[in-house]
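Chemist: All I have is the shape, not the residue letters:
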């Protein structure tokens, strides 16, 4: 499932880094394919590439955008991206969709989405890598974000499906997490899992147009009321509305993102958040690699199924079984 | 902080197992102290002890009881325990309170609690082990539960403070998770964290007496309505009321626990739940031990602080730092 068919032959990381920085789009795509590869030899080159690019990263606004299917995420990201490009920025859109490993598709794999944005030279759109766990997708997206920053993209949009699986991972890798809502009742009615609204730094009610304009105003008022107590440091979570299809309200959203940047850079919260994110990324990488290596160890694999069955049947104490397996792994 | 001052000299696991099974209370306390020890040589003996006791475990009703401070948990557990002992059962009460590592105390450490129950020869009460993480407390409580079962206790009550930290861990080790509520508004007003009510197999409104009797009836009705959609397999979560201080309603609660046992044993759900719990315990033990060993490895410890600082400062990519540390650990 994870055979990297599109993986390059071994590139020179220094040359590739230079081409990425020079704005070579094929080099950018190739660099991301490299870090998505699961081959150990590719990983060595990927680490060297990332080390070469690291000094040129960190200078973008990192945005997470989530919302349930039907909220108009693609239409919003297209309108938002074109608006921001019109102001002179370069926008990269990355997707986090662990479900794509099952469907084989991906939330950004459909080329009919965001047609105008995908044709714009100021934009770069990358679908979710297939065949990876949420942890794997999150790691690759974090690395793709760094590569896009080094390639000169100063606005990074990380898109995720708002059904509760990947929102925490995305909120943990961006500066501002934006939740798109429908003009409708509460978040439970909209199918948003508990705890997702609490992750948001900015709430936007989309489809505030036509017959839904009045409902959208009520939804904005309801969420403003509900969110009055929710503060992230000096930031009170704003609730805005927009009509992505009519491109209305996008400018106010971008202005609010700018205010958030000014405030959180001023009070040090953006730097603190990024430092905490880096630390959390380090430990999740360590944990996931440890358990992957454990599962893959020949002496563990040889007996894991038998021992796991013995544990679930109640014939072996889990602690004892764990220690027996760990002794094989750690020697 | 974790010096096992009360830890025994190395006991013979076979002799200790026999003494536990014979009903020797000092042996029971000594066995639990042994499994709570963090010394590696104690752990070897503890594993042998648990292996010897394993064939005699699993035949109790495992209950988790949670509720916010002030709900009357101690009064309830005392009334409940004495009622169940009066029916011929033996009751062990274990506490899961990871906060006790900070306060030095523990939710069951106060000897003035449950005076009558603690004096009853049919009861055994054990405070939360101090100086351990939630994972450590949970592991020790799971093992203490098995030892109590082997010692002939056929009702195990695992008590936890209902503030959202340890409820999931407790629900993951018992057959039935009971949530005690106050006669008052919704769970948010009562200080119960989101998601806790959803863990409950049984909801009980305590203090249904005197001035609060009418409010208790309303609270029962409200929760019955709210929980109509919540089913765990063939089990519709019941909402009962009681007055622990007047010992009213305790018999109906025990009867309901019996119905739950009959239904879930009949349809296989109790066995399935215990098998899943054993598997989850195995993997959490593996994960926690791996990360503990990683942190304790000399080559990791020597550089961890420096590398972690380099990561949070943005000077090293977390993935690269993780691979460098893992190479030292895994060789």
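Modeler: Yes, it's here. Keep in mind it's a predicted model, so treat the numbers as computed, not measured.
Chemist: Just confirm residue A:94 is within a helix.
Modeler: No - assigned with DSSP: H, G, I helix; E, B strand; the rest coil, residue A:94 falls outside any helix and is strand.
Chemist: My guess is it contacts residue A:158. True?
Modeler: Yes - Residue A:94 is in contact with residue A:158 according to Cβ atoms under 8 Å; the separation is 5.1 Å. C-beta here means a position set from N, CA and C on the backbone, and glycine is covered the same way.
Chemist: what residues do the two have in common as contacts?
Modeler: The contact sets of residue A:94 and residue A:158 overlap at A:141, A:145 (Cβ atoms under 8 Å, 6 or more residues apart in numbering or on different chains).
Chemist: can you pull out the strands in chain A?
Modeler: A:61-67, A:91-96, A:123-126, A:155-161, A:176-181, A:202-205, A:231-232, A:235-236, A:239-241 (DSSP state E).
Chemist: Which of those has the lowest mean pLDDT?
Modeler: Note on the strands of chain A: lowest mean pLDDT is at strand A:231-232, with a mean of 68.
Chemist: just to revisit the earlier point, and of the strands of chain A, who's closest to chain B?
Modeler: strand A:61-67 (13.1 Å; Cβ to the nearest Cβ).
Chemist: and that closest one, what does it pack onto?
Modeler: With contacts taken as 3 or more Cβ pairs under 8 Å, 6 or more residues apart in numbering or on different chains; DSSP states H and E, strand A:61-67 sits against helix A:73-86, strand A:155-161, helix A:167-171, strand A:176-181, helix A:250-266.
Chemist: who does that strand pair up with?
Modeler: Partners of strand A:61-67 in the sheet, by DSSP bridges, are strand A:155-161 (parallel), strand A:176-181 (parallel).
Chemist: what's the single longest helix in chain A?
Modeler: When chain A is parsed with DSSP state H, its longest helix is helix A:269-296.
Chemist: Rounded mean pLDDT for it, please.
Modeler: On average, helix A:269-296 scores 93.
Chemist: tell me the angle of that helix relative to helix B:269-296?
Modeler: 110 degrees (axes from the mean of the first three to the mean of the last three Cα atoms, to 10 degrees).
Chemist: mind listing what's buried in helix A:269-296?
Modeler: Neighbour-count burial for helix A:269-296, counted by 16 or more other Cβ atoms under 10 Å in any protein chain shown, picks out A:269-270, A:273-275, A:277-278, A:281-282, A:284-291, A:294.
Chemist: That helix versus helix A:250-266: what angle between them?
Modeler: 90 degrees.
Chemist: Which segments of chain A make up each domain?
Modeler: Domain assignment for chain A by automatic domain parsing gives A:12-56, A:57-267, A:280-330.
Chemist: Does at least one residue of the last one sit close to chain B?
Modeler: Yes - Domain A:280-330 reaches chain B (Cβ under 8 Å from any Cβ of the partner chain) through A:281-282, A:285-287, A:289-291, A:293-294, A:308, A:311-323, A:325-326, A:330.
Chemist: what's the spacing between that domain and its chain's center?
Modeler: Averaging C-alpha positions (Cα atoms, centre = their mean, to the nearest Å) puts domain A:280-330 29 Å from its chain's average.
Chemist: ends of it, how far apart?
Modeler: Start-to-end span of domain A:280-330 (Cα to Cα, to the nearest Å) is 25 Å.
Chemist: Equivalent analysis for the first one, please.
Modeler: Using Cα to Cα, the end-to-end distance of domain A:12-56 comes out at 18 Å.
Chemist: Leaving out chain neighbours, which residue sits closest to residue A:317?
Modeler: Among residues not flanking residue A:317 along the chain, residue B:50 sits closest, at 4.7 Å (Cβ to Cβ, 6 or more residues apart in numbering or on different chains).
Chemist: That neighbour contacts residue B:35, doesn't it?
Modeler: Yes - using Cβ under 8 Å, residue B:50 is in contact with residue B:35, at 7.1 Å.
Chemist: Quick check: neighbours shared by those two?
Modeler: With Cβ under 8 Å, 6+ apart as the test, residue B:50 and residue B:35 both reach B:143, B:147.
Chemist: quick one: residue A:39 and residue A:141, what's the gap?
Modeler: Residue A:39 sits 19 Å away from residue A:141, going by Cβ to Cβ, to the nearest Å.
Chemist: quick one: the helices in the stretch 1-150 of chain A?
Modeler: A:13-21, A:25-36, A:40-53, A:73-86, A:100-103, A:115-119, A:134-150 (DSSP state H, counting those that start in this stretch).
Chemist: I figured residue A:148 hits residue A:62, correct?
Modeler: No - Residue A:148 is beyond contact range of residue A:62, at 10.0 Å (criterion: Cβ under 8 Å).
Chemist: count of neighbours near residue A:56?
Modeler: By other Cβ atoms under 10 Å in any protein chain shown, 16 other residues sit near residue A:56.
Chemist: whoops, I mixed them up, residue A:211
Modeler: Neighbour count of residue A:211, defined by other Cβ under 10 Å: 8.
Chemist: tally of neighbours for the residue nearest to residue A:149 when sequence neighbours are not counted?
Modeler: Taking Cβ to Cβ, 6+ apart, and ignoring the residues beside it in sequence, residue A:149 has residue A:57 as its nearest neighbour in space, at 4.3 Å. Per other Cβ under 10 Å, the neighbour tally for residue A:57 reads 17.
Chemist: Can you pull the phi/psi pair for residue A:57?
Modeler: phi -110, psi 170 (degrees, to the nearest 10).
Chemist: Now that we're looking at it, what pLDDT does it have?
Modeler: Looking at residue A:57, the pLDDT reads 95.
Chemist: Was I right to think it contacts residue A:150?
Modeler: Yes - using Cβ under 8 Å, residue A:57 makes contact with residue A:150 at a distance of 5.4 Å.
Chemist: any idea how far the residue nearest to residue A:142 when sequence neighbours are not counted lies from residue A:141?
Modeler: With Cβ to Cβ, 6+ apart as the criterion, residue A:142 has its nearest non-adjacent residue at 5.2 Å, and that residue is residue A:173. According to Cβ to Cβ, residue A:173 and residue A:141 sit 7 Å apart.
Chemist: same deal with residue A:64?
Modeler: 10 Å.
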